[in-house]
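> Provided below are the primary sequence and the corresponding predicted coordinates.
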Amino acid sequence: MSLPLKLQEIVDDFASMAREEKIETLIAYSESLPPLPERLKEERARMDPVPECMTPVFLYGEKQPDGGIVFYFDIPPQSPTVRGLASILASGLNGSKPEEILSVPADFFMPMNLQEAISQQRINGFTGVLAHMKQTAVRLLERGS
Amino acid sequence: MSYVHPEYLVETEWVAARLNDPNVRIIESDEDPLLYPIGHIPGAVQVDWFTTLQHPVRRDFLTKEQFEQVASKLGINNDTTVVFYGDKSNWFACYALWLFQYFGHQNVRIMNGGRAKWEKENRSLVKEVPSYHKTTYRAQEPDQSIRAFRGDVLKQSNAKKPLVDVRSPKEYSGELISMPNYPQEGATRGGHIPGAVSVPWSQAVNEADSTFKTPEELRALYEGKGVKPDEEVIAYCRIGERSSLTWFVLKYLLGYPNVKNYDGSWTEWGNLVDAPIEK
């Protein structure tokens, strides 16, 4: 099972990093997550509230003319870890076709060894965001082009 | 009316005036582990509720000896004043404080308003991670009087003594069972422990700046729900962090003599075979 090239590169990069470098890189990803475009703010306001323990992750996917999907996120700055994980997924998967997104294994991040940097519990954020992206991919696939 | 034990709560100014005090150690304890490396109070060290404070193998906290090593590495002496602060209205700061008390560290404080208030006041945050000389720290045997296990909780429920469920109303009602996609923090059943009253943790905190509400407001809140100081009280949530905040409020701000935190909380109770549940 192969990952989209860009995501595979990110996974390989992290796999070779020491703990401190992983933390710095995650922070850099978190800081580079682009702000939500103005035109999606209305969609954002319609988002369902999340349980208080969880980080409110707003995600919006748009199909491009070539069939690839571009994802936009809105995640509060108080949650840099989830922002960082979402930013990695956005960098690794933006432009991918719905089928490619759906074939990303739920445990694709295992070789990154992130648990030494942010603990196993926090990596769950990956599973959550990826599942969310897959739901969007399914919706866009059903809707056709 | 003031808090019953006001010495356990300090303000941001108090902390700002003691950044170089060798008898004070400031500890950041967050839900999000990247906040500390992004910027923390100068001189503060970090503990993580999971990677620093939990036992590496069992579902439990560190052993006494492991805790001694952690405290020693953080440069804490037995008489050091340890001040905790963190994100999310100090949930995990209260959790860490509770664990320090569990191992007998008496001299502990919460910084009112936590990280959010410090940031809002534009106080300095630095990336530099300090290192302190190792100490020889001696912990006490765990203080079981502040920790409830499932057996204690069942007895409490059967005896119709006060149990405080501090989760959000939908978690209490059972409408919301677990966190989707958080496989390790879920429960197979929803609802609450029979007899528990719902007093969401957030009602003890001012939304605007995460500081604690006034003594009058807090007293009215808990006594209004029948949670009174003359009986033993057990607080719980989902993983024990939000209930640490309620534990701190009842124990120190309101001075209830006998309060326990059930750290197993709903991730244990909602998965426990044969445990009674109310919806």
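Sure thing, it's come through.

> Which residues of chain A lie near chain B?
Chain A comes close to chain B at residues A:23-24, A:26-27, A:30, A:51-54, A:78-82, A:84, A:117-122, A:124, A:127-128, A:131, as judged by C-beta under 8 Å from any C-beta of the partner chain. Backbone N, C-alpha and C define where each C-beta goes, glycine included.

> For the top helix by length along chain B, list every residue counted as buried.
Identified as the longest helix of chain B according to DSSP state H is helix B:91-102. By neighbour count on 16 or more other C-beta atoms under 10 Å in any protein chain shown, the buried set for helix B:91-102 is B:91, B:92, B:93, B:94, B:95, B:96, B:97, B:98, B:99, B:100, B:101, B:102.

> And stretch B:70-85, by the same measure?
B:70-72, B:74-77, B:80-85.

> Would you reformat those as JSON lines and include pLDDT?
Shown next, in JSON lines, are those (pLDDT from 0 to 100):
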{"residue": "B:70", "pLDDT": "98"}
{"residue": "B:71", "pLDDT": "98"}
{"residue": "B:72", "pLDDT": "98"}
{"residue": "B:74", "pLDDT": "98"}
{"residue": "B:75", "pLDDT": "97"}
{"residue": "B:76", "pLDDT": "98"}
{"residue": "B:77", "pLDDT": "98"}
{"residue": "B:80", "pLDDT": "98"}
{"residue": "B:81", "pLDDT": "98"}
{"residue": "B:82", "pLDDT": "98"}
{"residue": "B:83", "pLDDT": "98"}
{"residue": "B:84", "pLDDT": "98"}
{"residue": "B:85", "pLDDT": "98"}
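
> With secondary structure added, can I get those in a markdown table?
A markdown table is the format used below for the buried residues of stretch B:70-85 (DSSP: H, G, I helix; E, B strand; the rest coil):
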| residue | secondary structure |
| --- | --- |
| B:70 | helix |
| B:71 | helix |
| B:72 | helix |
| B:74 | coil |
| B:75 | coil |
| B:76 | coil |
| B:77 | coil |
| B:80 | coil |
| B:81 | strand |
| B:82 | strand |
| B:83 | strand |
| B:84 | strand |
| B:85 | strand |
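
> out of those, who's nearest residue B:151?
Set against residue B:151, the nearest of the buried residues of stretch B:70-85 by C-beta to C-beta is residue B:70 (27.9 Å).

> Please tell me I have it right and that closest one contacts residue B:46.
No: using C-beta atoms under 8 Å, residue B:70 is not in contact with residue B:46; the gap is 11.4 Å.

> which neighbours do these two share?
residue B:52 (C-beta atoms under 8 Å, 6 or more residues apart in numbering or on different chains).

> for chain A, which spans come out with low pLDDT?
For chain A, the stretches with pLDDT under 70 are A:1, A:48-53, A:144-145.

> For it, which segments are assigned as strands?
A:58-63, A:69-74 (DSSP state E).

> so residue A:102 sits right up against residue A:134, yeah?
Yes: applying C-beta under 8 Å as the test, residue A:102 and residue A:134 come out as touching, 5.7 Å apart.

> ok, those two, which is more surrounded?
Using other C-beta atoms under 10 Å in any protein chain shown as the criterion, residue A:102 and residue A:134 rank with residue A:134 on top: 16 against 13.

> distance of that one from residue A:103?
Note on residue A:134: its distance to residue A:103, by C-beta to C-beta, to the nearest Å, is 10 Å.

> beta partners for the nearest residue to residue B:105 once chain neighbours are set aside?
Excluding the flanking residues, the one nearest residue B:105 by C-beta to C-beta, 6 or more residues apart in numbering or on different chains is residue B:82, at 6.4 Å. Taking DSSP bridges as the rule, residue B:82 bridges to residue B:25, residue B:108.

> for residue B:19, phi and psi?
With angles defined as degrees, to the nearest 10, residue B:19 sits at phi -60, psi -30.

> With residue B:109 as the reference, measure out to it.
On the measure of C-beta to C-beta, residue B:19 and residue B:109 end up 14 Å apart.

> Same question for residue B:124.
Taking C-beta to C-beta as the measure, residue B:124 falls 20 Å from residue B:109.

> So for the two, which sits in the more crowded spot?
Neighbours were counted for residue B:124 and for residue B:109 using other C-beta under 10 Å; residue B:109 has more, 21 against 11.

> so residue B:127 makes contact with residue B:38?
Yes: contact criterion C-beta under 8 Å: residue B:127 and residue B:38 qualify, at 7.4 Å.

> In terms of neighbours, single out the busier of the two.
Between residue B:127 and residue B:38, residue B:38 has the larger neighbour count (other C-beta under 10 Å), namely 15 against 11.

> about what we covered before: restricted to buried residues, select the residues of chain A next to chain B in PyMOL.
Provided next is the PyMOL selection string for whichever of the residues of chain A next to chain B are buried by 16+ other C-beta under 10 Å:
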select buried, chain A and resi 23+24+26+27+30+51+52+53+54+78+79+80+81+82+84+117+118+119+121+122+124+127+128
